[in-house]
Every structure is written in C-alpha cells, then in structure tokens.
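J.: what follows is a protein structure lacking sequence information:
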C-alpha cells in the first residue's frame, strides 16, 4: 500500500510541537483592523495551541506523517 500524502494546505497552516500539540495562527488578522478592538488585535498575535478535540481531527485527517 502506498504512503498517504499530507494535505498541502494543512502543512502551511499548522505545526506540531515536540509533544504533539497542534499550533495554529489566529483568524481575523488580514484586513479591517480599524474596526477591531486593540484587545482583539493584541490577543490574536502569534500562534496558539489548538483545542485537543480539533487537534485530533487535524492530526488524523490532514497531517498523517508529521515532521
């Protein structure tokens, strides 16, 4: 049976930590910053750890062979 491929879109959006947690970027930071509060802009800075129920879906379906 051949190897399964990773989803190339998921490779660009998610990273795995050394302990297997999934890092993701926050949404809502591309445009329209004037209508967002400073608190929202500040809190969505940098990567975040994905919730475990969602991370299980990403690992199982999209990142089959993590680096």
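T.: Sure thing, it's come through. A quick note: this is a predicted structure, and the numbers were derived from the prediction, not measured.

J.: tell me the secondary structure for residue 48?
T.: Of the three states, residue 48 takes strand under DSSP: H, G, I helix; E, B strand; the rest coil.

J.: which residues touch it?
T.: Listed by Cβ atoms under 8 Å, 6 or more residues apart in numbering, the contact set of residue 48 reads 23-26. C-beta here means a position set from N, CA and C on the backbone, and glycine is covered the same way.

J.: quick one: stretch 2-20 to chain centroid distance?
T.: A distance of 10 Å separates the centroid of the chain from that of stretch 2-20, by Cα atoms, centre = their mean, to the nearest Å.

J.: quick one: mean pLDDT over it.
T.: What stretch 2-20 shows for mean pLDDT is 92.

J.: before we move on, the earlier item: any chance of the contacts of residue 48 in JSON lines, with distance to residue 52 and neighbour count too?
T.: Shown next, in JSON lines, are these (distance: Cβ to Cβ, whole Å; neighbours: other Cβ atoms under 10 Å):
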{"residue": "23", "distance to residue 52": "13", "neighbour count": "15"}
{"residue": "24", "distance to residue 52": "13", "neighbour count": "16"}
{"residue": "25", "distance to residue 52": "18", "neighbour count": "14"}
{"residue": "26", "distance to residue 52": "18", "neighbour count": "13"}
